[in-house]
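Peer 1: 3D model of this:
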Amino acid sequence: MSKAHRGKGIRELFHNGRGLCPVCKRDNVKILYEQDKDETKVKICKICKAAIKHGKKSV
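Peer 2: Predicted structure coming up:
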(Lines give C-alpha, C1' and ligand atoms only; values in the text may rest on other atoms or scores of the structure.)
Protein backbone atom coordinates (compact mmCIF):
# COMPACT_ATOMS: atom_id res chain seq x y z
CA MET A 1 0.00 0.00 0.00
CA SER A 2 1.27 3.46 -0.86
CA LYS A 3 2.22 5.81 1.93
CA ALA A 4 2.51 9.04 -0.03
CA HIS A 5 0.78 11.22 2.56
CA ARG A 6 2.91 10.37 5.57
CA GLY A 7 6.55 10.09 6.51
CA LYS A 8 9.37 10.67 4.08
CA GLY A 9 7.23 12.10 1.27
CA ILE A 10 5.94 15.05 3.30
CA ARG A 11 9.21 16.08 4.98
CA GLU A 12 10.16 18.25 2.00
CA LEU A 13 6.90 20.22 2.17
CA PHE A 14 6.52 23.54 3.98
CA HIS A 15 5.90 22.87 7.70
CA ASN A 16 5.93 19.14 6.88
CA GLY A 17 2.59 19.49 5.07
CA ARG A 18 0.73 20.99 8.02
CA GLY A 19 -1.32 24.15 8.07
CA LEU A 20 -4.86 25.59 8.04
CA CYS A 21 -7.50 23.69 6.08
CA PRO A 22 -9.50 26.17 3.96
CA VAL A 23 -12.71 24.11 4.24
CA CYS A 24 -13.05 23.26 7.93
CA LYS A 25 -10.67 26.01 9.23
CA ARG A 26 -8.83 23.57 11.52
CA ASP A 27 -5.26 24.55 12.24
CA ASN A 28 -2.10 22.40 12.26
CA VAL A 29 -3.60 19.46 10.34
CA LYS A 30 -2.01 17.77 7.33
CA ILE A 31 -3.25 19.52 4.19
CA LEU A 32 -2.05 17.10 1.55
CA TYR A 33 -5.04 16.35 -0.68
CA GLU A 34 -5.67 18.46 -3.80
CA GLN A 35 -9.19 19.55 -4.72
CA ASP A 36 -10.37 21.68 -7.66
CA LYS A 37 -11.99 25.01 -6.81
CA ASP A 38 -12.83 27.53 -9.54
CA GLU A 39 -10.14 26.23 -11.94
CA THR A 40 -7.48 26.32 -9.19
CA LYS A 41 -6.21 23.54 -6.99
CA VAL A 42 -6.39 23.94 -3.22
CA LYS A 43 -5.00 21.55 -0.64
CA ILE A 44 -7.39 20.25 2.00
CA CYS A 45 -7.26 17.81 4.91
CA LYS A 46 -8.17 14.13 4.75
CA ILE A 47 -11.46 14.53 6.64
CA CYS A 48 -12.72 17.26 4.31
CA LYS A 49 -11.67 15.23 1.27
CA ALA A 50 -13.85 12.35 2.43
CA ALA A 51 -16.76 14.66 3.25
CA ILE A 52 -16.62 16.29 -0.19
CA LYS A 53 -16.47 12.87 -1.84
CA HIS A 54 -19.66 11.81 -0.04
CA GLY A 55 -21.45 15.10 -0.70
CA LYS A 56 -21.53 16.37 2.88
CA LYS A 57 -19.34 19.45 2.29
CA SER A 58 -18.37 21.64 -0.63
CA VAL A 59 -15.19 23.54 -1.38
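
Peer 1: buried ones in stretch 31-39?
Peer 2: Buried positions in stretch 31-39, judged by neighbour count with 16 or more other CB atoms under 10 Å: I31, L32, Y33, Q35. For glycine as for every other residue, the C-beta is placed from the backbone atoms N, C-alpha and C.

Peer 1: from memory the first one sits against C21, does it?
Peer 2: Yes - under the criterion of CB atoms under 8 Å, I31 is in contact with C21, at a separation of 5.6 Å.

Peer 1: which residues are in contact with each of the two?
Peer 2: Residues touching both I31 and C21 by CB atoms under 8 Å, 6 or more residues apart in numbering: I44, C45.

Peer 1: mind listing the helices for the protein?
Peer 2: For the chain, the helices defined by DSSP state H cover 46-53.

Peer 1: partners of the lowest-mean-pLDDT helix or strand in it in the sheet?
Peer 2: Evaluated with mean pLDDT, DSSP states H and E, the helix-and-strand set of the chain has its lowest mean pLDDT in strand 33-37, which scores a mean of 92. Sheet pairing of strand 33-37 (DSSP bridges) gives strand 40-44 (antiparallel).

Peer 1: how far does the strand it pairs with sit from its chain's centre?
Peer 2: For strand 40-44, the separation from the chain centroid amounts to 8 Å (computed by CA atoms, centre = their mean, to the nearest Å).

Peer 1: tell me the mean pLDDT over that strand?
Peer 2: Averaging pLDDT along strand 40-44 gives 95.
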